[in-house]
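Chemist: Coordinates for the following, if possible.
(one chain, ligands or ions: 1)
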Amino acid sequence: MMPTFESRHGLDSRAGTALFLKRWLRRPFAMGAVIPSGRLLAEAMARATVQAMDGRPGHVVELGAGTGEVTKALLAAGIAPARLALIERDPELASFLRRHFTEPKIIEGDAARLPKLLADNGTTPIAAVVSSLPLLSLPTEIVNGIVHGVFEALPRGAALVQFTYGPTPPVPRALREQLRLVGTRGRRIWRNVPPAVVWTFRRPSAA
Ligand SMILES: C[S@@+](CC[C@H](N)C(=O)[O-])C[C@H]1O[C@@H](n2cnc3c(N)ncnc32)[C@H](O)[C@@H]1O
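Modeler: Purely as a prediction, here's the structure:
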């Protein structure tokens, strides 16, 4: 029988879902969802990331990797494992990721300290950032710190890919204006639970 992606990468989705739910019970606002992203959403995130990379060299940084659903899609989309750096703050989830992904760099830490985390781990330059952080359920000052850090780390013209369940862009308007971000909205993925939209934000090179 042909090995599946999951058997090759040793990733047991049921174990991942059970752990995700357990961590949600512990920290609902930090998790932002009861179950991991569905396959269609993860694939849409990966497509938007590959498009956003636009041939740039360097690492792809994934924020809030959780149990690795988006990570699997990024790998399946052809991003080399050595180019991936996963940032996860929850120690149990970070150790799950370490057990299941041997090649990507796994950094246990707070995305709000992104430039320092990347510098300390030799993870530069950056080609794109892809985030599943629950920006809608985090306090405004934390979201400000995270988004400022992302655009401090990204070169001009490079992008942040972020999904949301909400009707408005996941980066608040004031912050978009402050950083002069241009957002591009993808189609709503109705078959994800809950339905989600993938956004891409970048600071145009000339801004
Ligand atoms: C909605 S889950 C997404 C998990 C996975 N990427 C997926 O799509 O299924 C959000 C993840 O972000 C992590 N997280 C929340 N706040 C964080 C922070 N400040 N720094 C790093 N990770 C964080 C949570 O622990 C959780 O794993």
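
Chemist: Going by C-alpha atoms from here, please, whenever you check contacts or count neighbours.
Modeler: Fine.

Chemist: May I have the predicted confidence score for the residue sitting nearest the centre point of the chain?
Modeler: Nearest to the geometric centre of the chain sits residue 131, at 2.5 Å (C-alpha atoms, centre = their mean). Residue 131 carries a pLDDT value of 98.

Chemist: Same question for residue 37.
Modeler: 84.

Chemist: How about the secondary structure of it?
Modeler: Applying DSSP: H, G, I helix; E, B strand; the rest coil to residue 37 yields a three-state assignment of coil.

Chemist: who's the residue nearest to the centre of the chain bridged to?
Modeler: Under the criterion DSSP bridges, residue 131 forms beta bridges with residue 63, residue 162.

Chemist: gap between it and residue 71?
Modeler: When C-alpha to C-alpha, to the nearest Å is the yardstick, residue 131 and residue 71 sit 11 Å from each other.

Chemist: do residue 26 as well
Modeler: For residue 26, the distance to residue 71 under the criterion C-alpha to C-alpha works out to 23 Å.

Chemist: Looking at those two, which one has more neighbours?
Modeler: residue 71 (26 against 11; other C-alpha atoms under 10 Å).

Chemist: For that one, give me its contacts.
Modeler: For residue 71, the contact set (C-alpha atoms under 8 Å, 6 or more residues apart in numbering) comprises 62, 65.

Chemist: quick one: buried residues of the helix or strand harbouring it?
Modeler: Secondary-structure element containing residue 71, defined by DSSP states H and E: helix 69-76. Neighbour counts using 16 or more other C-alpha atoms under 10 Å place 69, 70, 71, 72, 73, 74, 75 of helix 69-76 among the buried residues.

Chemist: can you pull the contacts of the residue nearest to residue 43 when sequence neighbours are not counted?
Modeler: Taking C-alpha to C-alpha, 6 or more residues apart in numbering, and ignoring the residues beside it in sequence, residue 43 has residue 73 as its nearest neighbour in space, at 5.4 Å. With contact taken as C-alpha under 8 Å, 6+ apart, residue 73 is in contact with 39, 42, 43, 45, 46.

Chemist: please redo it, this time with the cut-off set to 10 Å
Modeler: Taking C-alpha atoms under 10 Å, 6 or more residues apart in numbering as the criterion, residue 73 is in contact with 5, 39, 40, 41, 42, 43, 44, 45, 46, 47, 79.

Chemist: what does residue 157 give?
Modeler: 52-53, 127-128, 151, 181, 201-207.

Chemist: picking up where we left off before, ok, and which of the buried residues of helix 69-76 reach the ligand?
Modeler: Taking C-alpha under 6 Å from any ligand atom, the overlap between these and the neighbourhood of the ligand is 69, 70.
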